[in-house]
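Participant: for reference, the sequence and a predicted model appear below.
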Amino acid sequence: MNTRIKLNEIKRLLEKANSMLESVIEAQPKPDLGKPPQPNYTQKVAIEIWKVWEKLKIKGQFDVNDVWEIVKGKQPPVAYRMDSSYSAILSKWAKAGHIHLVRQGRGRLTSIYKIAN
């Protein structure tokens, strides 16, 4: 057999093994990163949420409405359309691994999050 053919076969097998390894790594649970670093002073909403981290941790599971209630100290009005920056920050922190996404929201159902103990 030609050396070039053998090397191409080895290369193909290594690429297949690498692909399988990547899928196994993605299937593993992400490590808990804990509290995110303090946001920049220009990120007002992120700082508000960051300051109530321990209260959210004690609450257990929470959604964007619960975060609003804890930050503002009152329930959001029924007609109030939730500020999208709250949802964006929670989503960003979930993707980064600081909080866990328990249930993905859709339509009127909000996403449910949890902070690992």
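Facilitator: Happy to help now that I have it.

Participant: give me the buried positions along the helix ranked longest in the chain.
Facilitator: The residue-count maximum for a helix in the chain (DSSP state H) belongs to helix 3-27. Buried residues in helix 3-27, counted by 16 or more other CB atoms under 10 Å: none are found. No exception for glycine: its C-beta is placed from N, CA and C like everyone else's.

Participant: and that helix, how far from the chain's centre?
Facilitator: 30 Å (CA atoms, centre = their mean, to the nearest Å).

Participant: what helices or strands is whatever helix or strand comes next after that helix leaning on?
Facilitator: Sequence-wise, the next helix or strand downstream of helix 3-27 (DSSP states H and E) is helix 44-51. Using 3 or more CB pairs under 8 Å, 6 or more residues apart in numbering; DSSP states H and E as the contact definition, the elements that helix 44-51 packs against are helix 64-72, helix 84-96.

Participant: with just CA atoms, put the first one into CSV.
Facilitator: It stands for helix 64-72. In CSV, the C-alpha atoms belonging to helix 64-72 read as follows (Å, rounded to 0.1, in the frame of the first residue of the first chain):
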residue,chain,number,x,y,z
VAL,A,64,-37.5,36.8,35.6
ASN,A,65,-40.6,38.0,37.5
ASP,A,66,-39.2,36.7,40.8
VAL,A,67,-35.9,38.5,40.0
TRP,A,68,-37.9,41.7,39.3
GLU,A,69,-39.8,41.3,42.6
ILE,A,70,-36.6,40.7,44.6
VAL,A,71,-34.7,43.6,43.0
LYS,A,72,-37.5,46.1,43.1
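
Participant: what about that helix, average pLDDT?
Facilitator: In this model, helix 64-72 has a mean pLDDT of 88.

Participant: identify each buried residue in it, please.
Facilitator: Buried, per 16+ other CB under 10 Å, within helix 64-72: 64, 66-68, 70-71.
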